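Undergrad: Here's my sequence, what's the structure:
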Amino acid sequence: MNIISNRPDRKLSSEVDGRLAVRQRFKLASEFLMPVRRLIHRGFATKRKGKTAFGRAMSYVLLRAVEGDYPNQYVDPAKVRLSEGVLLNPALVEVTRQGRLINVEVASIGADLEGMNESWDDQLILCAYHPEQRVAGINEEPRRRDDGVVSLQLPPLLADKPVHLYLMVHDRAERRWSNSCYLGEF
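TA: Below is the predicted model of the structure:
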């Protein structure tokens, strides 16, 4: 007799089909981006139908910044993007940290070359982020590209802890942004 209804049982285990790995990736990306959500809403702003700023940032992190194999997955802060756009970031950047004060000196190309996507009055945004404590902050005083320096005072709980620094630029109307630039851990 030919048995036609006896097929092997379907494997329902999440471990076999990869669902746990995908869930962990989403959880890691979401937890990493949540403290900088307000900045992402500004830096990834879009008018495209069906596309949210946070969704675009999540997609970028899931595709490019989550590394490792399940269950040892992690987010690489150097590959995370907090803003996206066509403006140019400053060409030269020098970071100094003295306790809670972080100073970033910047220099741009400066020439009025057509199509260079930079202007003297572009605003600089410096973001300091400590993922383990879920604390992030940006500079309070507006700084322009031609100022050449942007400063950030860290809160007291981060005085002796290393933070990840991101630098980004936007135009005066906040319609056009640069891709965020990871400066490193300081």
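Undergrad: Every contact and neighbour count from this point should use C-alpha atoms.
TA: Noted.
Undergrad: Tell me which stretches of this structure form strands.
TA: Applying DSSP state E to the chain gives strands spanning 66-67, 74-75, 92-98, 101-107, 123-130, 135-138, 143-144, 149-153, 164-170, 181-185.
Undergrad: which outside residues touch the last one?
TA: When contacts are taken as CA atoms under 8 Å, 6 or more residues apart in numbering, the neighbours of strand 181-185 outside the stretch itself are 77-79, 81, 89, 95, 162-168.
Undergrad: mean confidence for it?
TA: Mean per-residue pLDDT for strand 181-185: 97.
Undergrad: before we move on, what about stretch 148-168?
TA: 94.
Undergrad: Distance from it to the middle of the chain?
TA: 15 Å (CA atoms, centre = their mean, to the nearest Å).
Undergrad: Can I get it as CSV, trimmed to CA atoms?
TA: Listed next in CSV are the C-alpha coordinates belonging to stretch 148-168 (Å, rounded to 0.1, in the frame of the first residue of the first chain):
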residue,chain,number,x,y,z
GLY,A,148,33.8,76.3,13.2
VAL,A,149,33.1,74.7,16.6
VAL,A,150,30.2,73.0,18.4
SER,A,151,30.1,72.2,22.1
LEU,A,152,28.1,69.9,24.2
GLN,A,153,27.9,69.7,28.0
LEU,A,154,27.2,66.1,29.2
PRO,A,155,24.8,65.4,32.1
PRO,A,156,26.6,64.5,35.4
LEU,A,157,25.8,60.8,35.1
LEU,A,158,27.9,60.6,32.0
ALA,A,159,30.8,62.6,33.3
ASP,A,160,33.2,59.7,33.5
LYS,A,161,31.6,57.3,31.0
PRO,A,162,32.5,57.0,27.3
VAL,A,163,29.9,58.3,24.8
HIS,A,164,29.4,57.8,21.1
LEU,A,165,29.5,61.0,19.1
TYR,A,166,27.5,61.8,15.9
LEU,A,167,27.8,65.0,13.9
MET,A,168,25.2,66.1,11.4
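Undergrad: For Ile109, give its distance to Ala91.
TA: 6 Å (CA to CA, to the nearest Å).
Undergrad: which one of those two has more residues nearby?
TA: A count of neighbours by other CA atoms under 10 Å puts Ile109 above the other of Ile109 and Ala91, at 14 against 10.
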